[in-house]
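Trainee: this one's structure only:
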């Protein structure tokens, strides 16, 4: 006779516990890490519910951000304090800072979170960081005013856009030497690497276009006209769609990777800059600098889903969601 009342009691206890567990499971990774240049912070968005769950203080005027493949290591560049903030992606705590030259801007990290690459805007080099040791271990000279960076999955190659040289450099990550370079459009800034199609996409800010390069040789395959002042690029739907932020139009251009033509233009917030794709391949997060917000887009259905308020001067330049 005691079995059923006991079972009922257990269910009453277990149900709230299960609800509690499910709620906290929903507030799990992946997070989006959005740099707020106007308030020296990073807004952490839980992409399961699309809201900011924490704000982390970092260095001065943060801009660039990179997240390792497992989401455990986050690197944030701080141009004014001339350093990189290292954040633990599990407990969302700052682990320390790493001095990195005169003008750290773009940043990338390998999938394991062991080696970071930082573009030094003023000294025209890429600085190589040993993340566990928290120090710069090498410097690679590239073109003038390097900005966007991308690292291959195996960590053996690094690509960098050189804004004031109107070029892209390819670095061998083993020898730490530039093995190829290619002229692109005017003032290249953000880049995105599609290893499946063996392509590199480059956003050229002043020529209002995207250069499509062969990743191995940097041979130019095509130039695609987009909106006014393209800044950064993300790949969605397994690379079948390429999404480009247009700063001066408050839009993104959506390019079909097969035809290499713009198939749609979507409205976002004011002065969009950083952009990153959720691991589901469908949702794309666009950081709006002047709107202090992030627009979440459904790239499969080509529509806006929601807008998330962030901090002052949100930029999010780089891969701010773990792939």
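Mentor: Thanks, I have it. Because the structure is a prediction, the values reported are computed rather than measured. Numbers count the residues shown, from 1 in each chain.
Trainee: so in terms of bridging, what pairs with residue 253?
Mentor: residue 244, residue 265 (DSSP bridges).
Trainee: please tell me how far it sits from residue 293.
Mentor: 20 Å (C-beta to C-beta, to the nearest Å). Heads up, the C-betas are built off the backbone N, CA and C, glycines and all.
Trainee: between the two, who's got more neighbours?
Mentor: residue 253 (25 against 21; other C-beta atoms under 10 Å).
Trainee: any idea what residue 136 is bridged to?
Mentor: So, taking DSSP bridges as the rule, residue 136 has residue 129 as bridge partners.
Trainee: can you give me the first-to-last residue distance of stretch 281-292?
Mentor: 24 Å (C-alpha to C-alpha, to the nearest Å).
Trainee: same question, stretch 253-270
Mentor: 15 Å.
Trainee: cool, stretch 36-52 as well?
Mentor: 13 Å.
Trainee: next: stretch 111-131.
Mentor: Stretch 111-131: ends 12 Å apart by C-alpha to C-alpha.
Trainee: swap in stretch 206-223?
Mentor: End-to-end for stretch 206-223, by C-alpha to C-alpha: 14 Å.
Trainee: can you check stretch 153-172 too?
Mentor: 13 Å.
Trainee: likewise for stretch 34-48?
Mentor: 16 Å.
Trainee: shift numbering so it begins at 42
Mentor: Sure thing, new numbering starts at 42, so read that last one as stretch 75-89.
Trainee: list the buried residues for that stretch?
Mentor: Using 16 or more other C-beta atoms under 10 Å as the test for burial, stretch 75-89 gives 75-78, 80-88.
Trainee: with stretch 310-326 instead?
Mentor: In stretch 310-326, counting by 16+ other C-beta under 10 Å, buried: 310, 312-319, 322-326.
Trainee: likewise stretch 350-364?
Mentor: Those buried within stretch 350-364 under the rule 16+ other C-beta under 10 Å are 351-352, 354-364.
Trainee: from these, which two are the most distant?
Mentor: The span of these, defined through C-beta to C-beta, is set by 354 and 364 at 25.7 Å.
Trainee: got a list of what residue 333 touches?
Mentor: 77, 79, 350-355 (C-beta atoms under 8 Å, 6 or more residues apart in numbering).
Trainee: direction included, what does the strand or helix carrying residue 126 pair against?
Mentor: Applying DSSP states H and E as the criterion places residue 126 in strand 124-129. Using DSSP bridges, the strands paired with strand 124-129 in its sheet are strand 114-119 (antiparallel), strand 134-140 (antiparallel).
Trainee: so which of the ones you listed is nearest residue 235?
Mentor: Taking the strands paired with strand 124-129 one by one with C-beta to C-beta, strand 114-119 is closest: 22.4 Å.
Trainee: next, the buried residues of the closest one.
Mentor: 114-119.
Trainee: gap between residue 273 and residue 108?
Mentor: 15 Å.
Trainee: ok, those two, which is more surrounded?
Mentor: residue 273 (30 against 27).
Trainee: now pLDDT too, for the buried residues of strand 114-119, in JSON lines please.
Mentor: Listed next are the buried residues of strand 114-119 as JSON lines, based on pLDDT from 0 to 100:
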{"residue": "114", "pLDDT": "97"}
{"residue": "115", "pLDDT": "98"}
{"residue": "116", "pLDDT": "98"}
{"residue": "117", "pLDDT": "98"}
{"residue": "118", "pLDDT": "98"}
{"residue": "119", "pLDDT": "98"}
